[in-house]
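Asker: Sequence and predicted model, in that order:
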Amino acid sequence: YEVGGFPAEGVLAYIREYHRIDPRAALVIRRGLGEWMSCHRHFDEEFVARDRFYQDFLIPYGGRFVSAARIYEDAELAAIIGIHRGRGMRPLTDEELALGQRLGRHLTTALGIWRRQGRLRQEHLLGNAVLEQLPHPVMLIDEQQRLQHGNAAALRLLRGGDRLRLVDGALRLDSARAQQELLLALRRLGIGGEASYRSDGPSAVRAIVRLGDRAGARPLALVLSGLHADRTMGAFGHRDLAMLLVHDSRRSVTVDRFLAAAIFDLTPAEATVAVAVAAGRAPAEIAAEHGVALSTVRAQLHCVFAKMGVSRQAEVAGALA
């Protein structure tokens with residue numbers, strides 16, 4: 001990165017060719033971290049007069065003196081600060097160099113913080129890596145409906161369909177009404193800085209936006225859940241986002257626990273029970289398979305009934321379908 005008046009074509013020429021013969025670079029690299037080099041202490045006027053780097057490149061572009069140091073280095077990045085002086089100017093004095101050394105120490109600290117924060121951000125985004133393991137199309141969108149992450153299944157869906165698509169990075173649905181419902185759903189979930197667009201209660205846990213079954217198009221349900229940074233250990237970053245699952249009922253051959261839990265706000269244990277009951281399993285079988293008491297399974301099934309709004313085991317399968 002360059003600041004000051006050095007012309008862009010000069011920077012490009014250095015990157016493409018002249019860095020290879022820059023005699024100053026080796027002096028900086030050989031020194032320890034934070035140890036400064038001033039070129040006039042190593043190269044006299046006789047050397048400068050016959051050196052190709054100075055005569056063919058640096059002086060024609062208006063440069064002459066530099067004081068520099070390597071101020072940061074790790075396994076992936078090395079950073080050098082250089083204070084340059086042009087033709088007709090003098091090198092840095094000892095007092096000026098001392099000021100540059102102080103600046104370099106601050107920049108070393110700043111770069112270290114920046115690199116650590118970058119690594120932490122990558123580690124904290126393990127939530128995105130988890131989403132990649134899911135077979136369903138799953139996206140993360142922000143309050144402006146912009147896509148922040150999509151797993152492989154979601155990206156395939158966006159590339160291949162007209163029901164959902166990306167326009168300038170934002171998710172666009174197939175109708176203005178559905179688009180408005182998506183915006184309202186985000187507000188109900190408290191995404192966008194407001195606790196809720198309503199004034200009479202806290203934000204919702206989840207919301208569903210349905211894309212109607214228009215002629216020749218399959219019906220889709222968008223199941224949205226709020227991911228608030230202060231409640232998700234920063235696993236998806238430091239912004240409040242909505243997780244959007246795309247459910248295609250026509251393609252659902254078997255009921256999925258994750259999707260059932262997302263739609264009906266079931267706990268993992270309740271979702272396991274619901275899916276097993278929908279497949280025709282008796283509570284006693286479920287209890288034996290998972291090593292829990294029959295009373296525990298019955299209590300979980302009671303919660304499933306309440307959350308699904310049903311009263312019989314046979315109705316669970318219909319609700320999931």
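Answerer: Thanks, I have it. These numbers were taken from a predicted model, which means no experiment stands behind them. Numbers count the residues shown, from 1 in each chain.

Asker: remind me which residues of the stretch 151-300 of the chain are low pLDDT?
Answerer: Under the criterion pLDDT under 70, the flagged ranges of the stretch 151-300 of the chain are 193-203, 213-217, 249-254.

Asker: which one's the longest helix in the chain?
Answerer: Counting by DSSP state H, the longest helix found in the chain is helix 94-124.

Asker: Please compute how far the helix or strand just after that one lies from its chain's middle.
Answerer: Moving toward the C-terminus from helix 94-124, the first helix or strand encountered (DSSP states H and E) is helix 126-132. Between the mean C-alpha point of helix 126-132 and the mean C-alpha point of its chain there is a distance of 10 Å (C-alpha atoms, centre = their mean, to the nearest Å).

Asker: Can you list the helices and strands that helix 126-132 packs against?
Answerer: If contacts are counted by 3 or more C-beta pairs under 8 Å, 6 or more residues apart in numbering; DSSP states H and E, helix 126-132 sits against strand 138-141. All C-beta spots, glycine's among them, are computed from the backbone N, C-alpha and C.

Asker: So which residues of the stretch 151-300 of the chain form helices?
Answerer: Under the criterion DSSP state H, counting those that start in this stretch, the stretch 151-300 of the chain carries helices at the ranges 152-160, 176-188, 257-264, 268-278, 283-290, 294-308.

Asker: wait, which of those is closest to Arg146?
Answerer: Evaluated over the helices of the stretch 151-300 of the chain, closeness to Arg146 peaks at helix 176-188, with 11.1 Å, by C-beta to C-beta.

Asker: The longest helix of the chain: which residues count as buried?
Answerer: When burial is assessed from 16 or more other C-beta atoms under 10 Å, helix 94-124 yields the following buried residues: 97, 100-101, 104, 108, 111, 124.

Asker: pLDDT of that helix, averaged?
Answerer: When pLDDT is averaged along helix 94-124, the result is 86.

Asker: what's the distance between that helix and the middle of its chain?
Answerer: For helix 94-124, the separation from the chain centroid amounts to 24 Å (computed by C-alpha atoms, centre = their mean).
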